[in-house]
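# Based on what follows, work out the 3D shape:
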Amino acid sequence: MQPWIRPAPPKIFFRSLPGLCFREEPMGDSPIMPRHAWLPITPRGVAAFAAAPLGHLGLAQLIVAAFVAAVAACFVEANWFPAVRDAVSRLPETNAVIRAGALQWTLPTPARLGENRFLSLVVDANDTGELGRAADVEIALHRTHFTVSSLLGFVAFPYPRAWTVNLARPEAMPWWGAWEWPILALGMATVVVVLFVSWFVLATLYFPVVKAFAFFANRQLGWRGSWKLSSAALMPGALVVALGILCYGWLGMDLIQLGLFYAMHFLAGWVFIAVSPFFLPQDPGASALPANPFATPEDSGKPSKRKPPNPFSASH
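Model (predicted):
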């Protein structure tokens with residue numbers, strides 16, 4: 001009777017998405033091709049950008065930056081602009097203007113013009129400060145300056161003397177209706193530019209660290225690839241900020257928790273910088289190092305030669 005032999009389990013392979021790896025593989029054993037560099041959300045996906053063309057990296061950064069800018073624009077349009085619309089609709093009919101560096105306002109102050117949990121707009125022409133801050137961010141118009149305040153403190157900006165801003169409702173409502181969406185588009189473009197500039201500066205500062213990690217890990221990585229990898233490692237942090245904005249705007253998260261997400265995005269960049277080099281191919285030159293001349297045969301793994309017997313020993 002033949003003994004029963006348990007059959008081997010079938011091998012199932014998943015076709016992985018670009019930048020993602022579903023199979024259990026040793027780090028850096030399989031070659032990383034430029035076509036894998038699309039999703040910089042795993043260390044392997046970030047490492048793939050080291051061998052990708054520079055234009056490929058720029059396209060991925062543009063997609064990530066546009067996504068972050070779109071999330072920020074949706075937040076502003078859904079949570080800040082309603083308060084601004086309410087404030088514009090409550091402006092006085094006449095005698096409300098900023099001229100020669102001073103606010104001219106005839107209605108009683110202080111007064112809240114528009115307010116929600118995220119943004120509050122206040123007029124305090126006499127600088128009384130009686131209302132206090134009721135939203136996460138508050139913009140207050142004072143006699144000679146306006147302030148922006150939050151949990152981090154406040155910043156005051158004096159009115160330029162060359163400005164003449166008519167705040168009467170018949171003038172302000174058409175102006176805001178015409179410029180609301182251009183302001184939002186300009187804000188999105190600003191976010192994209194700021195992200196690209198910050199990525200370039202930080203990648204230039206970080207790429208020697210990436211090169212050092214790859215060198216001590218015996219991974220194949222040049223200076224150009226080090227810069228591209230360090231630049232790609234910063235994209236996951238931007239996605240962490242976008243996730244924080246989504247949670248803050250629509251899941252009830254407060255401003256302190258949003259600050260924690262912002263702090264986490266710095267940590268995410270350093271984690272990917274430290275881990276991603278280990279997913280690069282091994283340096284072939286590292287295996288060609290000369291052998292230790294002082295190693296014993298047992299240490300080197302070679303069979304030891306048997307010594308001939310001593311003819312002068314007592315046993316002979």
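
# contacts, neighbours, all on C-alpha from now
Noted.

# what's the distance between I139 and F118?
11 Å (Cα to Cα, to the nearest Å).

# So for stretch 215-229, what gets flagged as buried?
F215, A217, N218, R219, Q220, L221, G225, S226, W227, K228, L229 (16 or more other Cα atoms under 10 Å).

# Surely the fifth one touches P281?
Yes - Q220 is in contact with P281 according to Cα atoms under 8 Å; the separation is 5.8 Å.

# Give me the distance from stretch 215-224 to the chain's centre.
24 Å (Cα atoms, centre = their mean, to the nearest Å).

# So which residues make contact with that stretch?
50, 207-208, 211, 214, 277-278, 280-284, 286 (Cα atoms under 8 Å, 6 or more residues apart in numbering).

# quick one: which of these has the most company?
Neighbour counts for those (other Cα atoms under 10 Å) peak at P277, which has 32 neighbours.

# Nearest residue to it in space, please, no chain neighbours.
Counting by Cα to Cα, 6 or more residues apart in numbering, A214 is the residue found nearest to P277 once chain neighbours are left out, at 5.4 Å.

# Same check on L229?
Closest to L229 by Cα to Cα, 6+ apart is A50, at 4.9 Å.

# Give me the distance between that neighbour and R224.
Distance of A50 to R224, given as Cα to Cα: 8 Å.

# same thing with F196?
Distance from F196 to R224, counting by Cα to Cα: 18 Å.

# Around G55, how many other residues sit close by?
Based on other Cα under 10 Å, the number of other residues close to G55 is 9.

# Let me see the contact set for it.
Counted by Cα under 8 Å, 6+ apart, G55 has zero contacts.

# secondary structure element for it?
helix 54-75 (DSSP states H and E).

# got it, and A156?
Per DSSP H and E: A156 is located in strand 153-158.

# doesn't A168 make contact with P92?
Yes - counting by Cα under 8 Å, A168 is a contact partner of P92 at 5.5 Å.
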